[in-house]
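In: requesting a structural model of the entry that follows:
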Amino acid sequence: MLLRCQPSRIQSHLRENAEETGCESCLLTGSGATSSSNESEKTSWLVSAQNQASEIRVLGETDTIRGKLNVNLVPGESAKKKMLLAVAIVFLTLANTVRCVNSPCHSAMPGMPGIPGIPGKDGRDGQKGAKGESGIPASALGLNELKGEKGVKGSVGPKGKSGPMGPPGPRGDKGLVGLQGEGGVPGNQKRQHQSAFTVARKTAQLPSKNNPVIFNIEITNDHKDYDVTTGQFTCRTSGLYYFVYHASQSSNLCISLYVDGETKASFCDHMSNTHQVTSGGTLVQLLKGQQVWLAVNDYNGMIGVEDNDSVFSGFLVFPD
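Out: Modelled structure (predicted):
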């Protein structure tokens, strides 16, 4: 950019510099200058320097100004002219920062870049582009034959829902025979109302008096209504019962049948031979839970040895 200023502007800068340095010979006053031959020579020389400096581009580089100065000066010029030319060049350089009056003269260094502005809003979506051409099939490129490496096995997923029930499978092999279970409740009505027993006394020892005679061998005792350890029968089903005994004796014998400690029948047989047999029986109405037994008194000659047995039997005739 070229610096173009009026001569009066340059003279004003020289006047300010002369006042500061005290060099009155460097002062140019324009129309008020001294009309001496020296001052006229100075004025014409400064105007020439102004014309030369106006063609210098103001770049802010000292080497460029120094080079211009060396070109315009010729050997033999006085030291005062050199100083005046240097001052003129300096003030012309500084003048680019001063606004010239009534002139579009502006020459300044470029300023710092400004702060970036706020980003603007996104623009509208563009129009849909045209459909592209179909690509080359993978089979044509031979990609079907390429196979990647086997991936890492993933973790087990959550348990899924139960599926529908499948068809029945074939019949399995027959299992082993299980253990025998416990006896169940009798299921036959007639069986529940049955009660019968026959027990024998196998001992040569005579029974003790006024105590139940114990028949220790079971011949028939289906429901275990007779207890071979106590010698007592316990009624399980209420009804009419028949009891009978057959006793071998070696001496006089008297036997009584008791129901819960009450005598229901008594039989006595006195010895007339070395060995003999006596018997007796009776019908008794019993309630469930009542007990029946045989007992002897002082005549207790009952025995139970080989070929001479003593037995006691009983059975339900009619249930209630």
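In: which residues touch the closest residue to residue 222 other than its chain neighbours?
Out: Excluding the flanking residues, the one nearest residue 222 by CB to CB, 6 or more residues apart in numbering is residue 196, at 6.4 Å. (Each C-beta comes from the backbone N, C-alpha and C, glycine too.) Residue 196 is in contact with 220, 222, 313-316, counting by CB atoms under 8 Å, 6 or more residues apart in numbering.
In: all strands for the stretch 101-250 of the chain, in order.
Out: Using DSSP state E, counting those that start in this stretch, the strands of the stretch 101-250 of the chain run over residues 196-201, 217-221, 226-227, 232-234, 239-259.
In: possible to save these as a markdown table with mean pLDDT?
Out: Below are the strands of the stretch 101-250 of the chain laid out as a markdown table (pLDDT from 0 to 100):
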| stretch | mean pLDDT |
| --- | --- |
| strand 196-201 | 95 |
| strand 217-221 | 94 |
| strand 226-227 | 96 |
| strand 232-234 | 96 |
| strand 239-259 | 93 |
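In: and the residue nearest to residue 222, how close does it get to residue 220?
Out: From residue 196 over to residue 220 the distance is 6 Å, taken as CB to CB, to the nearest Å.
In: please apply the same query to residue 281.
Out: Distance of residue 281 to residue 220, given as CB to CB: 16 Å.
In: with neighbour numbers in mind, choose between those two.
Out: residue 281 (14 against 11; other CB atoms under 10 Å).
In: dig out what the spatially closest residue to that one that is not a sequence neighbour forms beta bridges with.
Out: Once flanking residues are discounted, residue 281 sits nearest to residue 244: 3.2 Å by CB to CB, 6+ apart. Bridge pairing for residue 244 (DSSP bridges) gives the partners residue 281, residue 313.
In: my read: residue 244 touches residue 313, true?
Out: Yes. With contacts counted by CB atoms under 8 Å, residue 244 reaches residue 313, the gap being 5.4 Å.
In: between these two, what contacts are shared?
Out: Overlap of the contact sets of residue 244 and residue 313 (by CB under 8 Å, 6+ apart) is empty.
In: who has more neighbours, the two?
Out: Each of residue 244 and residue 313 has its neighbours counted (other CB under 10 Å); residue 313 has more, 19 against 16.
In: so that one makes contact with residue 243?
Out: Yes. Using CB under 8 Å, residue 313 is in contact with residue 243, at 7.2 Å.
In: overlap of the contact sets of these two?
Out: Both residue 313 and residue 243 lack any common contact, where contact means CB under 8 Å, 6+ apart.
In: circling back: quick one: the residue nearest to residue 281 from residue 301, how far?
Out: Applying CB to CB, the value for residue 244 to residue 301 is 19 Å.
In: how does this protein divide up, domain by domain?
Out: As given by automatic domain parsing, the domain ranges for the chain are 7-97, 193-319.
In: where among the ones you listed is the average confidence lowest?
Out: In terms of average pLDDT, domain 7-97 trails the rest of these, at a mean of 53.
In: ok, and the closest non-adjacent residue to residue 279?
Out: Nearest residue to residue 279 in three dimensions, chain neighbours excluded: residue 246, at 4.5 Å (CB to CB, 6+ apart).
In: what does residue 304 give?
Out: Going by CB to CB, 6+ apart, residue 304 has residue 201 as its nearest residue, at 3.9 Å.
In: and that neighbour, how far is that from residue 194?
Out: For residue 201, the distance to residue 194 equals 24 Å [CB to CB].
In: pull the number of nearby residues for residue 229.
Out: Under the criterion other CB under 10 Å, the count of neighbours that residue 229 has is 7.
In: ok, now how distant is the closest residue to it other than its chain neighbours from residue 251?
Out: Nearest residue to residue 229, sequence neighbours excluded (CB to CB, 6+ apart): residue 214, at 7.5 Å. According to CB to CB, residue 214 and residue 251 sit 19 Å apart.
In: so which of those two has more stuff around it?
Out: A side-by-side neighbour count of residue 214 and residue 251, using other CB under 10 Å, places residue 214 first with 19 against 12.
In: wait, isn't that one in contact with residue 227?
Out: No. The pair residue 214 / residue 227 is not scored as a contact, 9.2 Å apart, by CB under 8 Å.
In: what average pLDDT does stretch 175-188 get?
Out: Throughout stretch 175-188, pLDDT has a mean value of 80.
In: residues in contact with that stretch?
Out: For stretch 175-188, the external contacting residues (CB under 8 Å, 6+ apart) are residue 192.
In: quick one, helices of this structure?
Out: Listed in chain order, the helices of the chain (DSSP state H) span 7-21, 37-53, 62-72, 79-94, 138-141, 189-192.
In: number of nearby residues for residue 124?
Out: Residue 124 has 6 neighbours, counted by other CB under 10 Å.
In: same thing with residue 199?
Out: By the criterion of other CB under 10 Å, residue 199 has 23 neighbours.
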